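>>> what follows is a predicted structure for the sequence shown.
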Amino acid sequence: MLTVGVDLAAQPEGTAIACLDWSPGRASVRSLVVGAHDDQIVEAIRQADKAGIDCPLGWPVLFVEFVTAHQHGNVRIPPDLLGRDWRRRLAYRLTDLAVHETTGQRPLSVAADRIGHTAMRAAGLLARLAADGHPVDRTGTGVVVEVYPAASLRRWGLPYRGFKGPKNFTPLGDLVDRLRRAAPWLDLAAYEADCRSSDHAFDAVIAALTGRAAAQRLVTVPGDGQLEAARSEGWIAVPTSPLSSLCE
């Protein structure tokens, strides 16, 4: 099995792709690219059995309805909600609320935070895949699944914050050490130095590991009452089993 992890950013320089090969009792990093362009991402996903993308795959349904209503001059504010409560309902997807409830992590709002720029790039990638005959099911049942490395790390008992940015090389290196101890079956091969120097590279590896969990159906999935929204908004797959289960 080949799983791919994409730590997507609005621009190539903040984007990383990790490809993991899986065999009985072992996983190894086949390739890792930091500074990935769209063509590289699309080609990696085409080759993958499962690809985890760290980026929202859609916008909140209520937000889309709000923008449409605003274009037509027909916005209606619910009288029973304060302005802040109403805006919060527009800003977060159903999956964002589910992740916060189950892990304590609150994903960035694709409607109100800068990650919206990255989501626009993701939408273009999904359109390219669909045009090439690889349509994406945003609920995660197809090749592509939406992931959130911070939530995965937290579920696996690993540090999930404080390692981002050029000033945090030491915490990032410590986190790589923690990952190697927790997953001795994972061979970072020639790319260990990249994971120690770039949080984008590290997050791409975590996204690929989460993709493996999704392929094994060891992640959260939308329930019957969540499925319709997830088809439009996307759904974050959060691991439901220990890291050790990925190589069983």
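Structure's in. What do you need?

>>> burial measure for Pro159, as a count.
A total of 15 residues lie near Pro159 under the criterion other C-beta atoms under 10 Å. Placement of C-beta: from N, CA and C, glycine included.

>>> hmm, Ala237 is touching Gly140, no?
Yes - using C-beta atoms under 8 Å, Ala237 makes contact with Gly140 at a distance of 5.2 Å.

>>> what residues do those two have in common as contacts?
The contact sets of Ala237 and Gly140 overlap at 146, 214, 219, 221 (C-beta atoms under 8 Å, 6 or more residues apart in numbering).

>>> which non-adjacent residue is nearest the third one?
In this structure, Val219 finds its nearest non-sequential neighbour in Ala237, 3.8 Å apart by C-beta to C-beta, 6 or more residues apart in numbering.

>>> can you check Ala182 too?
Spatially, and ignoring its direct neighbours in sequence, Ala182 is nearest to Leu243 (5.3 Å; C-beta to C-beta, 6+ apart).

>>> next one: that neighbour from Phe63, what distance?
Using C-beta to C-beta, to the nearest Å, Leu243 is found at 34 Å from Phe63.

>>> OK, contacts around the residue nearest to Ala182?
For Leu243, the contact set (C-beta under 8 Å, 6+ apart) comprises 156-158, 182-183, 209.

>>> how about low-confidence regions in the chain?
Applying pLDDT under 70 to the chain flags residues 81-82.

>>> circling back: give me the number of residues near the residue nearest to Val219?
Other residues near Ala237 come to 27 when the count uses other C-beta under 10 Å.

>>> can you pull the contacts of it?
Ala237 sits next to 52, 140, 145-147, 210, 213-214, 219-221 when contact means C-beta under 8 Å, 6+ apart.

>>> in JSON lines, list these along with secondary structure and neighbour count.
JSON lines is the format used below for these (DSSP: H, G, I helix; E, B strand; the rest coil; neighbours: other C-beta atoms under 10 Å):
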{"residue": "Gly52", "secondary structure": "strand", "neighbour count": "32"}
{"residue": "Gly140", "secondary structure": "coil", "neighbour count": "27"}
{"residue": "Val145", "secondary structure": "strand", "neighbour count": "29"}
{"residue": "Glu146", "secondary structure": "strand", "neighbour count": "28"}
{"residue": "Val147", "secondary structure": "coil", "neighbour count": "31"}
{"residue": "Thr210", "secondary structure": "helix", "neighbour count": "33"}
{"residue": "Ala213", "secondary structure": "helix", "neighbour count": "27"}
{"residue": "Ala214", "secondary structure": "helix", "neighbour count": "25"}
{"residue": "Val219", "secondary structure": "strand", "neighbour count": "24"}
{"residue": "Thr220", "secondary structure": "coil", "neighbour count": "22"}
{"residue": "Val221", "secondary structure": "coil", "neighbour count": "17"}
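
>>> which of the residues you listed lies closest to Arg231?
Ranked by distance to Arg231 (C-beta to C-beta), the contacts of Ala237 are led by Gly140 at 10.5 Å.

>>> how close does the residue lying closest to Leu158 once chain neighbours are set aside sit to Thr3?
Spatially, and ignoring its direct neighbours in sequence, Leu158 is nearest to Arg178 (5.5 Å; C-beta to C-beta, 6+ apart). The gap separating Arg178 from Thr3 is 21 Å, by C-beta to C-beta.

>>> those two: which is more packed in?
Per other C-beta under 10 Å, whichever of Arg178 and Thr3 has more neighbours is Thr3, with 27 against 15.

>>> contacting residues for that one?
Counting by C-beta under 8 Å, 6+ apart, Thr3 has contacts 19-20, 22, 48-52, 208-209, 211-212, 215.

>>> where's the residue of the chain most remote from its centre relative to Val144, distance?
In the chain, Pro79 marks the outermost C-alpha relative to the chain mean, sitting 35.3 Å out by C-alpha atoms, centre = their mean. Distance of Pro79 to Val144, given as C-beta to C-beta: 40 Å.

>>> before I go, just wanted to say thanks for your time.
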